[in-house]
Structure formats: C-alpha cells, structure tokens
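> show me how the following folds:
(one chain, ligands or ions: 3)
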Amino acid sequence: MTGTAPAPFTADDYRTRMERAARTAADAGLAGLLVAPGPDLVWLTGYAPPAETERLTLLVLASGRDPALVVPALEAPDARASGAPGLTLHDWTDGQDPYAATAALLDPSGRFGVSDNAWAMHLLALQKALPGTSYASLTDALPMLRAVKDTAEVELLAAAGAAADATFEEIRKVPFGGRRERDVAADLAGLLRDFGHAQVDFTIVASGPNGANPHHEAGHRVIERGDMVVLDFGGLRDGYGSDTSRTVHVGEPTDEERRVHDLVREAQEAGFRAVRPGVACQEVDRAARAVIADAGYGEYFIHRTGHGIGVTTHEPPYMIEGEEQPLVPGMCFSVEPGVYLPGRFGVRIEDIVTVTGDGGRRLNDTTRELVIVD
Ligand code: ZN
Ligand code: ZN
Ligand code: ZN
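Ligands and ions are numbered 1, 2, ... in the order given. This next block holds a predicted model:
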C-alpha cells in the first residue's frame, strides 16, 4: 500500500469516520475493530505507515472509548504528524512486548473485527496473549464500511476518472502494431503519472488471443495488425482510485469483431442504466449479463460485472449474482462486462459509476465506440 497518499480531509472527517466505524462494529456485535496498516487505516485516520514494517502498528476502535493507536516508538512522530488528532498513541520500543500493550486495551472475552491485511504473525500473538478473544474478517463483518463515499470522495474519484480518460485519449494516438504489449503498457503508466497518478496499480494490454484472458498482464507479444487489444488501467490519484477499460482494434475490424464489441457496449450501457438507489447490486450484474446471454455469448462472460473503488482499486460492494446489498447514493463501483473468446480475442468496456439520488453518474466518459488504432 506504499504510495496511498492521504487524501485532503480534516481531523473532523477522520473523527466522524472512526466514531461511525466503532458504532457500526458495536451494532454488529463486535467488541471493537483492529485495523492494521493499509487502506482501512488510511481511510479512518489519514495515516499511512511504511507498509514493509514488521513492527506491530494497530488502530484499536471500540465504541465509547477513545481511538487508540499502538505504534512503534520510532514511527510515533510520523503518526502524530499525519494521523488524526484525537488518536491516543500507545508507543512501544524494541524489546517491549507490543501484544501485552495491545491486550491491555481489549475486552479479554471480546470478538473483534480485524482488517484483512493484518499479518498472521500479529494476530496469532494477540490470540496467544488473550485466549478468550475471537476474531472476524473486517470485510466480512463490515463490508460497507468504506462503500458509501461523501461528496469530497466522489469528486476525488471523478478527478481520478478524468485522468484515466485523458490517458485513453492519448494512448489511442500511439502506434500499436509492431510494438510489444509491454511497450504500450509502459506508455499507459507514463500517461497515468503525467495526469497526476502517484501510484499505478495495473496496465493491462491484452492483444489478440491474450485478450481472451481477463487477467492477462502486458507481455512480450508483438501486437499485430488485425488484433483486438483490451486496455485496462488504473491506480491512485490524490489517494483515490481509477480503473477503466477500453478495447481498441489495430486497423479495420471484421464484422464479428464489431458485433461482439457492440454487444459488450450494449451490456455496459444496460448495467449502467440499472444503477439507482435501492436496487440490489446483483441487478446491475443481471442487467449487463442478460444482454450478453440473449445474444448467445453468456458462457463467454466469465467474471462479475463490477467492484467497488475508493482508497483502493478493488473493494466492496461487488456487482455479482447473490449480492443483495441495495445501492445507496455515494457508492462508487465499476460496470465492466466482457466477452472472452478462447484462442481468439476479448472485449471489455469498463467505467466507474457513482450512485446519485435518482440514478447513476459515469466517472469515465471517453467514447465507448470501437476505436481504430495504428
Ligand atoms: Zn481483428
Ligand atoms: Zn479494470
Ligand atoms: Zn475493474
């Protein structure tokens, strides 16, 4: 999580977030939340400690108690400077037992929500120090903790989306044919940085048959004339994520390539049009999937339709069959159907969308027509 630059929020914003999180945890029957360095900690406090540290750093949130941060003494000055005021720091020095210090803050028979990226080493040591405690995945216990964005967060996501759109407007001008996928990927990363991204998380360039693998990373394949090329790129700008996909074609496409691209575009549009408050997440997936299934390509749409985005590029809520969570204004997520024809080509079109009072608003808006590149 290195590079998750804290977003420009006030001490009050962080205090409100921590209070709400502690209250939500109590409502869920938890004695508190234990938050390790990573996106939850950044979102709750604005503090982003060095991700590689093996020394225990842990935010302890419990309803009715001041938020406490267990922190190595050598990191305490940074934590004090960048963390939310109102945090009580419990610093420990090498040679002391940080787990005993943490245990003193916890209900010895409580059940705690633990951020998913907490190290097993730390959790196992805590469990040993407090055998009466039990633990739940924070993502399972409070999946909606960060899901509903406030206005400032939506605008940061919109700015990240605009930067990703500007990246696409530039990448479509570069030569594709005769270059390796990884060369185009390097162009994408450079453009994302030029347009203000401090962190590039992925630059997928999947040409020809590689496009049929949704998780293909850019490789050594030389892009040829006649290739469909799936581009999927994003990262963090001012602490908030971008993630967009467009599929381009090198030279004139065949009728079938056009038809499949049109189909995915219609599916993406249908998913977007399903977005409004109160509708279950799975309805967005169903709307997009129905278009592709009705055209006979259902078995080639092999992933969920979307995922949330915020201080990370993948998080709840998920637009997937079985997710009955209703959409709430301020939620931000991708709508990204695709069709993947093994050994031949793939098409994916992805926009980030936010739920408004009466529908959805796209945070990506470059053309969804099939763009012809050189
Ligand atoms: Zn082609
Ligand atoms: Zn993507
Ligand atoms: Zn995505």
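> C-alpha from now on. contacts and neighbour counts both.
OK.
> ligand 1 contacts on the stretch 251-374 of the chain?
For the stretch 251-374 of the chain, the residues in contact with ligand 1 (CA under 5 Å from the ion) are P253.
> for the residue of the stretch 251-374 of the chain found nearest ligand 2, which non-adjacent residue is spatially closest?
Distances between the stretch 251-374 of the chain and ligand 2 by CA to the ion are smallest at E350, namely 6.4 Å. Of all residues not flanking E350 in the chain, E336 sits nearest, at 4.0 Å (CA to CA, 6 or more residues apart in numbering).
> distance check, the one you found against N210.
Look at E336 and N210: by CA to CA, to the nearest Å, they are 18 Å apart.
> more neighbours: which of the two?
When E336 and N210 are compared for neighbours, E336 comes out ahead with 29 against 26, by other CA atoms under 10 Å.
> this structure: helices as residue ranges?
For the chain, applying DSSP state H gives helices covering 11-27, 39-45, 76-82, 98-103, 120-129, 138-141, 151-171, 181-194, 255-273, 281-294.
> re earlier: burial count for the residue of the stretch 251-374 of the chain closest to ligand 2?
Neighbours around E350, by other CA under 10 Å: 25.
> okay, the closest residue to ligand 1 within the chain: pLDDT?
Of all residues in the chain, G226 sits closest to ligand 1, at 3.6 Å by CA to the ion. The score at G226 is 97. That number is its pLDDT.
> and for the one 5 residues further on?
Looking at L231, its pLDDT stands at 98.
> wait, isn't it in contact with S245?
Yes - between L231 and S245 there is a contact under CA atoms under 8 Å: 5.4 Å.
> let me know the outermost residue of the chain.
The centre of the chain is farthest from one residue, G95, which by CA atoms, centre = their mean lies 37.1 Å away.
> how much space between it and ligand 2?
Using CA to the ion, to the nearest Å, we find G95 at a distance of 45 Å from ligand 2.
> also E217?
Taken as CA to the ion, the span from E217 to ligand 2 is 12 Å.
> leaving out sequence neighbours, find the closest residue to A166.
In this structure, A166 finds its nearest non-sequential neighbour in F195, 7.4 Å apart by CA to CA, 6+ apart.
> again with L231
Leaving aside its sequence neighbours, L231 sits nearest to V205 (CA to CA, 6+ apart; 4.9 Å).
> distance of the one you found relative to A160?
On the measure of CA to CA, V205 and A160 end up 20 Å apart.
> next one: T151
From T151 to A160 the distance is 14 Å (CA to CA).
> between these two, point out the one with more neighbours.
Per other CA under 10 Å, whichever of T151 and A160 has more neighbours is A160, with 28 against 10.
> in contact with the residue nearest to L231, which residues?
181-182, 184-185, 216-219, 229-232 (CA atoms under 8 Å, 6 or more residues apart in numbering).
> run the last query once more with 10 Å
By CA atoms under 10 Å, 6 or more residues apart in numbering, the contact list for V205 reads 180-186, 188, 211, 215-219, 221, 223, 229-233, 245, 247.
> A293: neighbour count?
Counted by other CA under 10 Å, the residues lying close to A293 total 15.
> wait, the residue of the stretch 251-374 of the chain closest to ligand 2 sits on T367?
No - with contacts counted by CA atoms under 10 Å, E350 stays clear of T367, the gap being 11.2 Å.
> what's the overlap in contacts for those two?
With CA under 10 Å, 6+ apart, E350 and T367 have common neighbours R246.
> what's the pLDDT at the residue lying closest to the residue of the chain closest to ligand 1 once chain neighbours are set aside?
Leaving aside its sequence neighbours, G226 sits nearest to V250 (CA to CA, 6+ apart; 5.3 Å). pLDDT, V250: 98.
> who are the packing partners of the lowest-mean-pLDDT helix or strand in the chain?
Sorting the helices and strands of the chain by mean pLDDT, DSSP states H and E puts helix 76-82 at the bottom, at a mean of 86. Helices and strands touching helix 76-82, by 3 or more CA pairs under 10 Å, 6 or more residues apart in numbering; DSSP states H and E, are strand 68-72, strand 88-92.
> tell me which of those strands sits nearest to ligand 2.
strand 68-72 (34.2 Å).
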